[in-house]
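A.B. asks: predicted model follows, preceded by the sequence.
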Amino acid sequence: MKNIIKILLAFILLLAVDAFAGGGKRTGTGGAAELLIPVGPRGIAMAGANLSTSTGIEALFWNPAGVALMQNNADVIFSHMSYIADIGVDYGAIAANFEGFGVVSFSIKSLSVGDILITTTSNPDGTGETFSPSFIVAGLSYSRQLTETISVGLTTNFISERMADVSASGVAFDVGVMYNNLADINGLSLGVVIKNLGPEMKFSGGGLFQRGQIDDVNRGPTFYLVDAAAFELPSNFQLGLGYSPVLDEINSLQFSGIYQNNNFSGDEYKIGGEYGYNDMFFVRAGYQLAPQVSEDYLYGFSAGVGIDYEVEGFGFKVDYAFRDVEFFEANHIFSLTLGF
């Protein structure tokens, strides 16, 4: 089993070295940015630093390996986020724990952009018609606990983008490992994740046909297909540590931090913490920064609260997160999680 674990970690690190060289001049040139939008108020409140400490169904976005540590036979989560520029992000997921096999999960994330006015060169103020873009990510995950301390997870995300008469689709993969009680230190955990690995995407559709006229040819105007350029996915590599010191039966603390290397932007550093009272009431806070990015970096401080209540084998969680955003109104995220 130790050899298998070493092979998994070596494989992930090999992928990271091969795929990532930092953002540099590539900043902003990747596509499918909806893959980067976080979901789950607990993790968002901790600035996304909970790579090595997130467990259960909420770990689907942060580290699929953590889903293997779910306590229930099945979990369901629903969340809504008021994102930047009046964009809404709705998310839902379900996870089922099959004894002796692992955890199978399905998730779907959808962006609500609203109606956009159609403009043309001859009608720059609008034609009176509108279109509504559609951005959807549907994920299928498998997570398994290999030993008492090691768990692994893999997510396949199916991406669909549609804007008026053009569309693109693709597939992306997330792979993660979580190691609890690292170096036999109780409460110390390590997480490693590579996210959004996949082939390039490309837009196609009737909207790419343009009417044109070739000079010096005895031929009337006709339609020509514009060949859209392909774009890469916004891959990233994340390495995180977490620590949960033992206090007493009533109070609990959790600290976590991660280093994130992005393929199309500068490196990011995130730290977060959580205080819990009686395993029922939780207060969280976090901060993220990107030293290589200029003053235009959007995010910084985040915070949130949560209530976790269980009765007769039925779990009920309500979580809220606030994330400060530069240039835009702050993000507000709500979620409801049910466990059976």
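C.D. replies: That came through, no problem. Numbers count the residues shown, from 1 in each chain.

A.B. asks: what ranges does the stretch 1-150 of the chain have for its helices?
C.D. replies: Counting by DSSP state H, counting those that start in this stretch, the stretch 1-150 of the chain has helices at residues 2-19, 41-45, 59-62.

A.B. asks: tally of neighbours for the residue lying closest to residue 197 once chain neighbours are set aside?
C.D. replies: In this structure, residue 197 finds its nearest non-sequential neighbour in residue 173, 4.8 Å apart by C-beta to C-beta, 6 or more residues apart in numbering. (Each C-beta comes from the backbone N, C-alpha and C, glycine too.) For residue 173, the count of nearby residues is 16 (other C-beta atoms under 10 Å).

A.B. asks: check the separation of the first and last residues in stretch 240-254.
C.D. replies: 13 Å (C-alpha to C-alpha, to the nearest Å).

A.B. asks: how far does it sit from its chain's centre?
C.D. replies: 25 Å (C-alpha atoms, centre = their mean, to the nearest Å).

A.B. asks: buried set for that stretch?
C.D. replies: Neighbour counts over stretch 240-254 (16 or more other C-beta atoms under 10 Å) mark 240-244, 252, 254 as buried.

A.B. asks: give me the mean pLDDT for that stretch.
C.D. replies: In this model, stretch 240-254 has a mean pLDDT of 94.

A.B. asks: with stretch 311-324 instead?
C.D. replies: pLDDT averaged over stretch 311-324 gives 92.

A.B. asks: same check on stretch 127-135?
C.D. replies: For stretch 127-135, the per-residue pLDDT averages 89.

A.B. asks: relative to residue 98, how far out is the spatially most distant residue from the centre of the chain?
C.D. replies: Distance from the centre of the chain peaks at residue 218, with 54.2 Å (C-alpha atoms, centre = their mean). Counting by C-beta to C-beta, to the nearest Å, the gap from residue 218 to residue 98 is 69 Å.

A.B. asks: again with residue 228
C.D. replies: 42 Å.

A.B. asks: compare neighbour counts for the two and give me the winner.
C.D. replies: With neighbours defined as other C-beta under 10 Å, residue 228 and residue 98 compare such that residue 228 has more, 15 against 10.

A.B. asks: take the buried residues of stretch 240-254 and write them to JSON lines, including distance to residue 139 and secondary structure.
C.D. replies: Supplementary listing: the buried residues of stretch 240-254 in JSON lines, determined by distance: C-beta to C-beta, whole Å; DSSP: H, G, I helix; E, B strand; the rest coil:
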{"residue": "240", "distance to residue 139": "20", "secondary structure": "strand"}
{"residue": "241", "distance to residue 139": "25", "secondary structure": "strand"}
{"residue": "242", "distance to residue 139": "23", "secondary structure": "strand"}
{"residue": "243", "distance to residue 139": "29", "secondary structure": "strand"}
{"residue": "244", "distance to residue 139": "27", "secondary structure": "coil"}
{"residue": "252", "distance to residue 139": "30", "secondary structure": "strand"}
{"residue": "254", "distance to residue 139": "25", "secondary structure": "strand"}
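
A.B. asks: Three-state assignment for residue 224, please.
C.D. replies: strand (DSSP: H, G, I helix; E, B strand; the rest coil).

A.B. asks: that one pairs with what?
C.D. replies: residue 210 (DSSP bridges).
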